[in-house]
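Participant: Here is my input; please provide its structure:
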Amino acid sequence: MKPFFTLVLILLFGDVSGASIQAPMLKAKLSMYNTTVSAGELVHDETLGSMMTIQPTLLWDIPSMNSRVGVHYILDINSKYGATPISGIGLSGYYYFKGLSSAYEISPDEVLLQKSRPGIFTFASFTPVNFNLNKLDKSDPNQSFSFSALVYEFILGAGFEYPLKPNSLLSFELSMREGSSASNDLSVKYSGFGASLVFSTSYY
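Facilitator: Next up, the predicted model:
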């Protein structure tokens, strides 16, 4: 599965030198993931139990490729194993099957025209994250532990975006995430499926 994720990112970020890159878009994403984690002998296939995952993202439109690419910050909040078990900065890429749901054009007489429409898209992201699990057991200190590792996270998903206003869009996404150790330790990993509600806006 990881080679496929990597291929998607290469296709999205590959040759954009000749594309017409336009104004940035800000996405505020709130997600709920059912994530299962493993950390060596300390944790094995346990539910992470994060309250939510937040992912602010800054994207740039590439209309000639029906795409948006950019950077994001991802953070899991309030889990069974600490307040912020997963966090990191990475790259995101979106591909819209029937053209961007919101874009602008400049007419021959230099009038800025905003165009918006519903759209179906697929997306992928890559993030080096700090995978940080902590447990404090006051009744049995021997069961307490603190674990940290560098993990590479891949997310692949699809969604539907609907324009509320010319510069305001709402979308719903379904996705899967997979994290693997940067040091190739097979006992350190996580995976899960999730749903996201996303608000997007841009200023021209």
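
Participant: Remind me which helix or strand the residue positioned nearest the centre of the chain belongs to.
Facilitator: By C-alpha atoms, centre = their mean, the chain has its centre lying nearest to Ser125, at 5.4 Å. In the assignment (DSSP states H and E), Ser125 maps to strand 119-135.

Participant: Scan this structure for its longest strand.
Facilitator: Secondary structure of the chain per DSSP state E: the longest strand is strand 145-165.

Participant: mean confidence for that one?
Facilitator: The average of the pLDDT scores along strand 145-165 is 93.

Participant: Over to stretch 128-141?
Facilitator: Mean predicted confidence for stretch 128-141 is 85.

Participant: Contacts only, for the closest residue to Lys80 other than its chain neighbours.
Facilitator: Leaving aside its chain neighbours, Lys80 sits nearest to Gly49 (4.0 Å; criterion: C-beta to C-beta, 6 or more residues apart in numbering). Every C-beta, even on glycine, is put in place using the N, C-alpha and C of the backbone. By C-beta atoms under 8 Å, 6 or more residues apart in numbering, Gly49 lies in contact with 79-81.

Participant: before we move on, what about Ile89?
Facilitator: Contact partners of Ile89, counting by C-beta under 8 Å, 6+ apart, are 71-74, 127-128.

Participant: Please apply the same query to Glu153.
Facilitator: 74, 86, 88, 90, 125-129, 177-179.

Participant: Which helix or strand in this protein has the lowest average pLDDT?
Facilitator: Using mean pLDDT, DSSP states H and E, helix 2-13 stands out as the lowest-scoring helix or strand of the chain, at a mean of 51.

Participant: immediately after that helix, which helix or strand?
Facilitator: Toward the C-terminus from helix 2-13 - assigned by DSSP H and E - lies strand 24-39.

Participant: got the angle for that following strand vs strand 145-165?
Facilitator: Here strand 24-39 runs at 150 degrees with respect to strand 145-165, directions being taken by axes from the mean of the first three to the mean of the last three C-alpha atoms, to 10 degrees.

Participant: what's the distance between strand 24-39 and the middle of its chain?
Facilitator: 6 Å (C-alpha atoms, centre = their mean, to the nearest Å).

Participant: That one packs against which elements?
Facilitator: strand 43-47, strand 52-62, strand 67-77, strand 119-135, strand 168-181, strand 188-202 (3 or more C-beta pairs under 8 Å, 6 or more residues apart in numbering; DSSP states H and E).

Participant: mind listing what's buried in the third one?
Facilitator: Just to be clear, that refers to strand 67-77. By neighbour count on 16 or more other C-beta atoms under 10 Å, the buried set for strand 67-77 is 67-70, 72, 74-76.

Participant: Over to the second one?
Facilitator: When neighbours are counted by 16+ other C-beta under 10 Å, the buried residues of strand 52-62 are found to be 53, 55, 57, 59-62.

Participant: Please apply the same query to the first one.
Facilitator: Buried positions in strand 43-47, judged by neighbour count with 16+ other C-beta under 10 Å: 43, 46.

Participant: and the angle for it with strand 119-135?
Facilitator: Going by the same axes, to 10 degrees, strand 43-47 makes 130 degrees with strand 119-135.
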